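Trainee: just the structure for this:
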Amino acid sequence: MADAPVLETDRLILRPHRVEDFPACRLLWGDPAVVRHIGGQVQDAQAVWFRMLRYAGMWSLLGYGMWALEHRTTGAFLGEAGLLSSARGLPELEGVPEAGWVLAPAAWGGGFAVEAMQAVLHWADHHLGSPVVRCIIEPDNASSVAVAGKLGFTYLAERVLGTHPIRLFERARGI
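Mentor: Sure thing, here's the model as predicted:
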């Protein structure tokens, strides 16, 4: 059983989710602007609760997962970032950690996604055996495509997930 380690950057603390994060997670995943490029559907309280339980389960079963992003100075919950396994039915994601990040609107444009994911990917490079990490991004999500590029992800393929077109990106270990 693995617990999420605490990672620190200049401005962030990446830590395991706590029960006390539930209200902030509900606000995050219940915001139409936040989910616009992540499936497009807001999530109700039960779906968010199950999401948080999945995060803990990934750490326990896989040794990796998602972190809550906390502002170092203010303690504010800014969003989530990390690695996941979602059994999406895409062959390119099978057996490969999938990078993901989502920030509250108040944190958009401040470089927090790049800062958080740099810490996550550095951790992955030193603690996971996977030669690559992949991510999926909806084509019109220019902000996340830019974040992926800054992190060293390159275009891999175009697919459809459910009814949404997505692009797959890949980052080799140690980039």
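Trainee: nearest spatial neighbour of L93, skipping sequence neighbours?
Mentor: Once flanking residues are discounted, L93 sits nearest to R134: 6.0 Å by CB to CB, 6 or more residues apart in numbering. Yep, even glycine has a C-beta here, placed from its N, CA and C like the rest.
Trainee: is the one you found in a helix, a strand, or coil?
Mentor: What DSSP: H, G, I helix; E, B strand; the rest coil gives for R134 is strand.
Trainee: tell me, how many residues neighbour it?
Mentor: Per other CB atoms under 10 Å, the neighbour tally for R134 reads 19.
Trainee: list the contacts of it.
Mentor: R134 sits next to 92-93, 96-99, 156, 168-171 when contact means CB atoms under 8 Å, 6 or more residues apart in numbering.
Trainee: is it bridged to anything, and to what?
Mentor: When assigned by DSSP bridges, R134 has beta-bridge partners E98, E170.
Trainee: what about it, distance to E98?
Mentor: Remark: distance between R134 and E98 (CB to CB, to the nearest Å) = 6 Å.
Trainee: ok, now V42?
Mentor: For V42, the distance to E98 under the criterion CB to CB works out to 22 Å.
Trainee: any residues touching the longest helix seen in the chain, and which ones?
Mentor: Ranked by number of residues, the top helix in the chain under DSSP state H is helix 45-62. Residues outside helix 45-62 that contact it (CB under 8 Å, 6+ apart) are 1-4, 16-17, 21-22, 25-26, 29-30, 43, 64-66, 80, 82, 84-85.
Trainee: got it, and stretch 145-157?
Mentor: Residues from elsewhere that reach stretch 145-157, judged by CB under 8 Å, 6+ apart: 92, 99, 101, 113-114, 117-118, 121, 134-135, 137, 167-172, 175.
Trainee: tell me the mean pLDDT over that stretch?
Mentor: For stretch 145-157, mean pLDDT rounds to 97.
Trainee: can we start the residue count at 862 from this point?
Mentor: Sure, I'll start numbering at 862, so the last one becomes stretch 1006-1018.
Trainee: just the buried positions in that stretch, please.
Mentor: Neighbour-count burial for stretch 1006-1018, counted by 16 or more other CB atoms under 10 Å, picks out 1006, 1008-1009, 1012, 1014, 1017.
Trainee: that older thread, select only the buried ones of the contacts of stretch 1006-1018 in ChimeraX?
Mentor: Selecting in ChimeraX just the buried members of the contacts of stretch 1006-1018, where the criterion is 16+ other CB under 10 Å, is done with this command:
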select :953,960,962,974,975,978,979,982,995,996,998,1028,1029,1030,1031,1032
